[in-house]
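Participant: my questions concern the predicted model and sequence given below.
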Amino acid sequence: MPMSKDDYRQKLRQNLSAYATSQTRASMTLGGRLTVLRLQATVAGLTDADLADITAEETARADRRLARITALHSVGPIVHVEDIQS
């Protein structure tokens, strides 16, 4: 039996909820790790300028990696059935 609009809505809601939960957990983990890392960098004598430079470089690297992942597996609606058959 084909999926109804309500079935689709419910499944999409469940999947997006799982995604949001995963992103929230990842964000909280990253925030905690960065706090500890910042304290360690301060103790090691790194300046704010050093931290800004390193952060800019590593953020750009992470952004490029995420862009590659998104290009390979984009999240978005399937507009046509042919899109999933090809």
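Facilitator: Yep, it's here. Numbering: from 1, shown residues only.
Participant: C-terminal to the helix or strand containing Ala20, what's the next element?
Facilitator: Using DSSP states H and E, Ala20 sits in helix 5-43. Note on helix 5-43: by DSSP H and E, the next helix or strand toward the C-terminus is helix 48-72.
Participant: that next one vs helix 5-43, what angle?
Facilitator: Interaxial angle of helix 48-72 relative to helix 5-43 (axes from the mean of the first three to the mean of the last three Cα atoms, to 10 degrees): 160 degrees.
Participant: rewinding a little: packing partners for the helix holding Ala20?
Facilitator: The helices and strands touching helix 5-43, judged by 3 or more Cβ pairs under 8 Å, 6 or more residues apart in numbering; DSSP states H and E, are helix 48-72. Just so you know, the C-beta spots here come from the backbone N, C-alpha and C atoms, and that holds for glycine as well.
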